[in-house]
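J.: here is a sequence with its predicted model. Questions after.
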Number of protein chains: 2
Amino acid sequence: MTDVDLSALTNRQIVLARRPEGLVSRDDFDLVEGAVPEPADGEAVVRTLCLGIDATVRTWLNKGEGYLPAVEIGEVVRCSGVGRTVASRSPKFPVGGLVYGLPGWQEYSLARDDGLSTPIGTEGDPAAMLSVLGATGLTAYFGLTEVGEAKAGETVVVSAAGGATGSAVVQIAKILGCHVVGIAGTDEKCAWVVDELGADACINYRTEDLPARLRELCPKRVDVYFDNVGGDILDAVLGALAQHGRVALCGAISVYNEAGRPPGPSNYLNLISRRGKMQGFISLDWWDRFGEATEQLKAWVDEGKLHYRIHWFHGLRHAPEALNAMFTGENVGKILIEVAKDE
Amino acid sequence: MTDVDLSALTNRQIVLARRPEGLVSRDDFDLVEGAVPEPADGEAVVRTLCLGIDATVRTWLNKGEGYLPAVEIGEVVRCSGVGRTVASRSPKFPVGGLVYGLPGWQEYSLARDDGLSTPIGTEGDPAAMLSVLGATGLTAYFGLTEVGEAKAGETVVVSAAGGATGSAVVQIAKILGCHVVGIAGTDEKCAWVVDELGADACINYRTEDLPARLRELCPKRVDVYFDNVGGDILDAVLGALAQHGRVALCGAISVYNEAGRPPGPSNYLNLISRRGKMQGFISLDWWDRFGEATEQLKAWVDEGKLHYRIHWFHGLRHAPEALNAMFTGENVGKILIEVAKDE
């Protein structure tokens, strides 16, 4: 089943040319053009509409291992995204349907029934699916409720609170009845976190004394810390940890660009004296509960309780800049790349 | 109810004279003599038979907080122990009965019904109660099963495997059906851990390449790490952590003597990429299950499956040396101080 002449199309791809150090540069990648593949039996060709930038994309460019292997030199950069099927030899992915998966930095990709690609109907907003209703929202939801075990009345601190995941955590924690303190890197983000997302306070870690402000704003100390950044900020919050406090380790964006591994947090010792827990996770750990969680998130969005912002880049060629924006902290909300208009 | 003339007795006590740095010295303490207190209503006077040295005793001498406050200058050094009641105005602590509690570094102490002192009958071996059937054994048991969630077939690594807690962990992990690798600081300890305690292997971290040996001895990586030491050893084992690995943080003896806080483990980042957990605990967190656990431990001792060794010091005045022995690593098994013969 093919609606288009695939041989007439060109597939622009961004492949890894060399391993970047620190922020990426254009020279770390090659923009190549190739044919769009014909789908084999069980496969479908998906035209990328929209790509979602996560900090993990940067980690995949380094040697070493995460929960998925590193991107090899010459390979298309791995990245989540939403597209629409343009040709199909799979009943699971009919032509015209939307597909959520890992298309990578390219205009066309193959979807197959391997668990990595999910058909998501024909309607729907790709931007919401790549942010609050996708991995970002699920990461916030399960990290806060399952790893953080956040309960009403507890104090929750969230770093990168103006980011895509952090902003969802702030709002879900408020919905749960927690006292919520955000940490962000600009006054503009802090204002958004308090005024729009409803946090009780937000600390600008670049201009304020973080340990002192944590003592002031968390008089009963920190029951749950949702950590997106690692480094000195993790260390400061561990210093303010409550008895039986929980740290949900979502990421360590402050160190992903560093060549070696920087020292860990000295205050991990408080995990002993205060009987705390520090736990890494990815949302895939609750794969079997995605349906239930997505429905809950959608209900909160529809009720106006869960807001999200998109920081758009337009055009595949801007993918490297979009990735850097994640680390320079210029974004508010989720970074997405519009690769093609949904016609 | 008083069987002895308390006013005729002298209470020798070791009190803190100044805060020690690193290993303790005699000048950090004063040996003082005072009257044995008369028990008030609800109190009993307990003659110390035996004191148990834990690493936490050293932490209580530092400023700052653990799960109990620091020992103040001029106060008797806090320490667990077992004694026999010699005078009583409490039905809970009859004269002649054994008492488990926190007598401190002194010959006579007061017990009252405050949860800190527990009557343990009139018979029994104080040495076993202060080691494998007391806090040491309970720490090993709950740390391994509840925090470490050790299951048959999994790989368990234990540091300070020749110490009191570590040696119990090694044996309980073998009883549970785990693949067990110990880490210790002398060949003599390593031999004991393998030959007597039944570990599958034991690494001498002073003479062997720890990361390389862990790769070799833990081909499926480390599911559970029971950490007594912190520092570089914790970092090395985090480097070998399996997916969903658990680190039970029992202590950080390698850093307790340092003045500042040393850097934390760089490899905490593996908690993110491998979705691991690192959790501090003390056995008191399972207070309500002490009875059940103690019975289990006693059954294993009686069946000959759970062995323990005592490293004895004789006389209260040797308490500072006994404490240092914990850190210089000269002990095999539990360090106890015999304060008085049980007549």
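T.: That came in fine, so what should we check first?
J.: tell me the pLDDT at whatever residue of the stretch 101-250 of chain A ends up closest to chain B?
T.: Going by C-beta to the nearest C-beta, chain B is nearest to A:Leu249 of the stretch 101-250 of chain A, at 5.0 Å. Backbone N, C-alpha and C define where each C-beta goes, glycine included. A:Leu249 carries a pLDDT value of 96.
J.: next, count neighbours for it.
T.: When neighbours are defined as other C-beta atoms under 10 Å in any protein chain shown, A:Leu249 has 26 of them.
J.: distance check, it against A:Leu269.
T.: 17 Å (C-beta to C-beta, to the nearest Å).
J.: so the closest residue to A:Gly177 other than its chain neighbours is in which element?
T.: Spatial nearest neighbour of A:Gly177, excluding adjacent residues (C-beta to C-beta, 6 or more residues apart in numbering or on different chains): A:Ala152 at 3.3 Å. Assigned by DSSP states H and E, A:Ala152 falls within no helix or strand.
J.: quick check: residues of chain A near chain B?
T.: A:59, A:65-67, A:230, A:235, A:243, A:249-252, A:255, A:261-282, A:285 (C-beta under 8 Å from any C-beta of the partner chain).
J.: buried members of the residues you listed into ChimeraX, please.
T.: In ChimeraX, a selection of the buried entries from the residues of chain A next to chain B looks like this (16 or more other C-beta atoms under 10 Å in any protein chain shown):
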select /A:59,66,230,235,249,250,251,252,255,261,264,265,266,267,268,269,270,271,272,273,274,275,276,277,278,279,280,281,282,285
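J.: the closest residue to A:Gly276 other than its chain neighbours: neighbour count?
T.: Leaving aside its sequence neighbours, A:Gly276 sits nearest to A:Gly245 (C-beta to C-beta, 6+ apart; 4.4 Å). By the criterion of other C-beta under 10 Å, A:Gly245 has 26 neighbours.
J.: correct me if wrong, but A:Gly245 is in a strand.
T.: Yes - the assignment for A:Gly245 (DSSP: H, G, I helix; E, B strand; the rest coil) places it in a strand.
J.: which ones are touching it?
T.: Residues near A:Gly245 by C-beta atoms under 8 Å, 6 or more residues apart in numbering or on different chains: A:221-225, A:274, A:276-277.
J.: tell me the one of the residues you listed nearest A:Gly124?
T.: A:Val224 (31.5 Å; C-beta to C-beta).
J.: need the pLDDT of the spatially closest residue to that closest one that is not a sequence neighbour.
T.: Nearest residue to A:Val224, sequence neighbours excluded (C-beta to C-beta, 6+ apart): A:Gly148, at 3.9 Å. A:Gly148 is assigned 98 on the pLDDT scale.
J.: hmm, A:Gly148 is touching A:Asp227, no?
T.: No - taking C-beta atoms under 8 Å as the definition, A:Gly148 is not a contact partner of A:Asp227, at 9.9 Å.
J.: tell me which element A:Gly81 is part of?
T.: Using DSSP H and E, the element containing A:Gly81 is strand A:80-88.
J.: and that strand, how far from the chain's centre?
T.: 20 Å (C-alpha atoms, centre = their mean, to the nearest Å).
J.: what is that strand packed up against?
T.: Judged by 3 or more C-beta pairs under 8 Å, 6 or more residues apart in numbering or on different chains; DSSP states H and E, strand A:80-88 is in contact with strand A:43-52, strand A:98-101, strand A:108-112.
J.: looking at those strands, which one is packed in the most?
T.: Stretch with highest mean neighbour count among the helices and strands packed on strand A:80-88: strand A:43-52 (a mean of 25; mean count of other C-beta atoms under 10 Å in any protein chain shown).
J.: and the following helix or strand past that one, what does it pack onto?
T.: As assigned by DSSP H and E, the chain's next helix or strand after strand A:43-52 is helix A:55-60. Packed against helix A:55-60 by the contact rule (3+ C-beta pairs under 8 Å, 6+ apart) you find helix A:319-328.
J.: contacting residues around stretch A:333-343?
T.: Contacts of stretch A:333-343 (C-beta under 8 Å, 6+ apart): A:47-53, A:81, A:84, A:107, A:126-127, A:130-132, A:136, A:162-164, A:167, A:308-316, A:318-319, A:322, A:325-326.
J.: gap between the two ends of it?
T.: Distance across stretch A:333-343, first residue to last, is 25 Å (C-alpha to C-alpha, to the nearest Å).
J.: how about it: buried residues?
T.: Under 16+ other C-beta under 10 Å, the buried positions of stretch A:333-343 are A:333-339.
J.: strands - which of those land there?
T.: Members of the buried residues of stretch A:333-343 lying in strands (criterion: DSSP state E): A:334-338.
J.: so where do the helices sit in the stretch 201-343 of chain A?
T.: A:210-217, A:231-239, A:269-273, A:290-302, A:319-328 (DSSP state H, counting those that start in this stretch).
J.: take these and lay them out in CSV including mean pLDDT and distance to A:Glu38.
T.: Below are the helices of the stretch 201-343 of chain A laid out as CSV (pLDDT from 0 to 100; distance: least, C-beta to C-beta, whole Å):
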stretch, mean pLDDT, distance to A:Glu38
helix A:210-217, 98, 55
helix A:231-239, 96, 47
helix A:269-273, 92, 54
helix A:290-302, 93, 31
helix A:319-328, 92, 26
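J.: most tightly surrounded among the ones you listed?
T.: helix A:269-273 (a mean of 24).
J.: and for it, what are the contacting residues?
T.: Everything outside helix A:269-273 that qualifies as a contact, by C-beta under 8 Å, 6+ apart, is A:238-239, A:241, A:276-278, B:59, B:65-67, B:230, B:249-252, B:255, B:261, B:264, B:278-280.
J.: follow-up on the earlier one: and for A:Gly148 and A:Asp227, which residues touch both?
T.: A:Ala248.
J.: flag every buried residue along stretch A:94-107.
T.: Going by 16+ other C-beta under 10 Å, stretch A:94-107 has these buried residues: A:97-101, A:103-107.
J.: mind listing what the most centrally placed residue in chain A touches?
T.: In chain A, the residue lying closest to the centroid (C-alpha atoms, centre = their mean) is A:Asp54, at 4.0 Å. Contacts for A:Asp54 (C-beta under 8 Å, 6+ apart) come out as A:79-80, A:135-136, A:326.
J.: got these as JSON lines, with distance to B:Glu216 columns?
T.: Below are the contacts of A:Asp54 laid out as JSON lines (distance: C-beta to C-beta, whole Å):
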{"residue": "A:Cys79", "distance to B:Glu216": "37"}
{"residue": "A:Ser80", "distance to B:Glu216": "37"}
{"residue": "A:Ala135", "distance to B:Glu216": "37"}
{"residue": "A:Thr136", "distance to B:Glu216": "40"}
{"residue": "A:Met326", "distance to B:Glu216": "39"}
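J.: closest one to A:Val24 out of those, please.
T.: A:Met326 (10.4 Å).
J.: from A:Ala164, how far out is that closest one?
T.: Relative to A:Ala164, and taking C-beta to C-beta, A:Met326 is found at 9 Å.
J.: doesn't A:Tyr100 make contact with A:Thr85?
T.: No - under the criterion of C-beta under 8 Å, A:Thr85 makes no contact with A:Tyr100, lying 11.8 Å away.
J.: correct me, but A:Tyr141 touches A:Ile175?
T.: No - the pair A:Tyr141 and A:Ile175 does not pass the contact test of C-beta under 8 Å, sitting 10.4 Å apart.
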